[in-house]
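>>> mind looking at a prediction? Sequence and model below.
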Amino acid sequence: MSSSNSDTTRADIGIVSALPIELGQFLDRCERVKHYRGNDLVFRGGRYDGIRVVVAESGMGFARARKATRALIDAHSPRWVLSCGFSGALQPDMKLGHIVMANEIVDQHGQHVDINLSLPSDEEHGLYVGRILTADELVRTVADKQALHEQYQAIAVDMESLAVAQVAGESKTGFMAVRVISDDMSADLPPEVLSIIGDTGAVRLGAALTSIVKRPESFKDMLHLRANAQSAARSLATFLDGVVHQLHASS
C-alpha cells in the first residue's frame, strides 16, 4: 500500500488499536485482509461488507498512538478514525464486554477533547457513554480505579484515545472512541501483568517464566486474563459491525 490517495489506498474507516488481540476478531470478519509494516508499525486492511477498513496497531501508550494515527491518516486518508480496544472500568456496575463510547476524553495533565456524540447510554444492554480517561500507565488495582474515578469523573480508562482524538482533530478527520471493558472493578489485575506484557503487546517469555517460578498461581491468572481478553474482543467486534456500517452510510 502506498501513501497516495488513490482508490486502492484510501480507506473509508481507519482504526487505531494498541494490541493485535483487540481487533483480531473484527479483522477475522473482514475479507481480503492484507498487512504490511512501515515506520515500526503494523497495518492490516481489508473489506468489511465492501467498506474499506485499515487498522493500525500502535502498541501501548500516548506517544505510540499519536505516531500510528498520524501514519494512518497520511497513508490512507480515512473519512473516520476510531480509537478502539480494551479499557478498564471505573464504575462498579460495568462488566467484562460492556461497551464504552466517549463524549469527552481527558488525561492526567489537564488536556481534554470534547466529542460531538449525542448517543445516549443504554446501561441495561451494556452501553455506556461518557468521559474516558487516558492514563499514563496501565491501571491495575481496584483502589487506583476508584481514585481515578473520583478525581476525573471518568467512567473508563485507557492509554491511547486522547492521542488519537488529538491527531484526528488536527487533520479535520472524523473521530470516535469505541472501547470495550476488558477488566472490571471486581478484582485487581495480576501483579505480573506489568512486567509480562510489553508495550507492543508481545508476551515477554522470560518475565512470564520467572513469574510462574516465583508465584505458580500466576499461570492460572494469565490464562484467565487471556480468556477475558478474547471475550472482550468478541464483544467489540460485534458492536463495531453496527458502527462501521453507520459511519460509512453517513459519509
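Structure received.

>>> so how far is residue 20 from the residue positioned nearest the centre of the chain?
Closest to where the C-alpha atoms of the chain average out (C-alpha atoms, centre = their mean) is residue 85, at 2.1 Å. Relative to residue 20, residue 85 is positioned 10 Å away (criterion: C-beta to C-beta, to the nearest Å). Bear in mind the C-beta positions are built from the backbone N, C-alpha and C, glycine included.

>>> which residues in the stretch 101-250 of the chain form strands?
112-114, 127-134, 156-158, 174-183 (DSSP state E, counting those that start in this stretch).

>>> so for residue 78, which of the ones you listed sits nearest?
strand 174-183 (8.3 Å; C-beta to C-beta).

>>> just the buried residues of the closest one, please?
Using 16 or more other C-beta atoms under 10 Å as the test for burial, strand 174-183 gives 174, 175, 176, 177, 178, 179, 180, 181, 182, 183.

>>> ditto for stretch 106-122
106, 107, 113, 115, 121.

>>> any idea which of the residues you listed is closest to residue 138?
Of the buried residues of stretch 106-122, the one sitting nearest to residue 138 (C-beta to C-beta) turns out to be residue 107, at 14.5 Å.

>>> so in terms of bridging, what pairs with that closest one?
residue 134 (DSSP bridges).

>>> just checking, what packs against whichever strand or helix holds residue 32?
Residue 32 is part of strand 31-38, with elements assigned from DSSP states H and E. Secondary-structure packing of strand 31-38 (3 or more C-beta pairs under 8 Å, 6 or more residues apart in numbering; DSSP states H and E): strand 41-48.

>>> where does pLDDT dip in this protein?
The chain contains residues with pLDDT under 70 at 1-8, 192-219, 221.

>>> all helices of it, in order?
For the chain, the helices defined by DSSP state H occupy 20-27, 62-76, 142-152, 161-170, 193-196, 205-214, 217-250.

>>> most tightly surrounded among those?
helix 161-170 (a mean of 24; mean count of other C-beta atoms under 10 Å).

>>> need the contact partners of stretch 144-156.
87-91, 94, 100, 106, 108, 128, 130-133, 135, 139, 157, 179, 181, 185 (C-beta atoms under 8 Å, 6 or more residues apart in numbering).

>>> give me that answer again for 6 Å
87, 89-91, 100, 106, 128, 130-133, 139, 185 (C-beta atoms under 6 Å, 6 or more residues apart in numbering).

>>> save those residues as TSV, and put in distance to residue 54 too.
Shown next, in TSV, are the contacts of stretch 144-156 (distance: C-beta to C-beta, whole Å):
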residue	distance to residue 54
87	22
89	29
90	30
91	32
100	23
106	27
128	27
130	28
131	28
132	23
133	27
139	29
185	34
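
>>> kindly export stretch 240-251 (C-alpha atoms) in CSV.
Provided in CSV are the C-alpha atoms of stretch 240-251 (Å, rounded to 0.1, in the frame of the first residue of the first chain):
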residue,chain,number,x,y,z
LEU,A,240,-18.2,-2.5,15.6
ASP,A,241,-20.4,-4.1,13.0
GLY,A,242,-23.1,-1.5,13.5
VAL,A,243,-20.6,1.4,14.0
VAL,A,244,-18.8,0.7,10.7
HIS,A,245,-22.0,0.4,8.7
GLN,A,246,-23.5,3.6,10.2
LEU,A,247,-20.4,5.7,9.8
HIS,A,248,-20.0,4.5,6.2
ALA,A,249,-23.6,5.3,5.4
SER,A,250,-23.2,8.8,7.0
SER,A,251,-20.3,9.5,4.7
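
>>> that stretch: how far from the chain's middle?
18 Å (C-alpha atoms, centre = their mean, to the nearest Å).

>>> run through who's touching it.
In contact with stretch 240-251 (C-beta under 6 Å, 6+ apart) are residues 12, 13, 26, 48, 51, 79, 80, 178.

>>> need the residues you listed in TSV with distance to residue 41, can you?
Output for those, formatted as TSV (distance: C-beta to C-beta, whole Å):
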residue	distance to residue 41
12	20
13	17
26	18
48	21
51	22
79	21
80	19
178	20
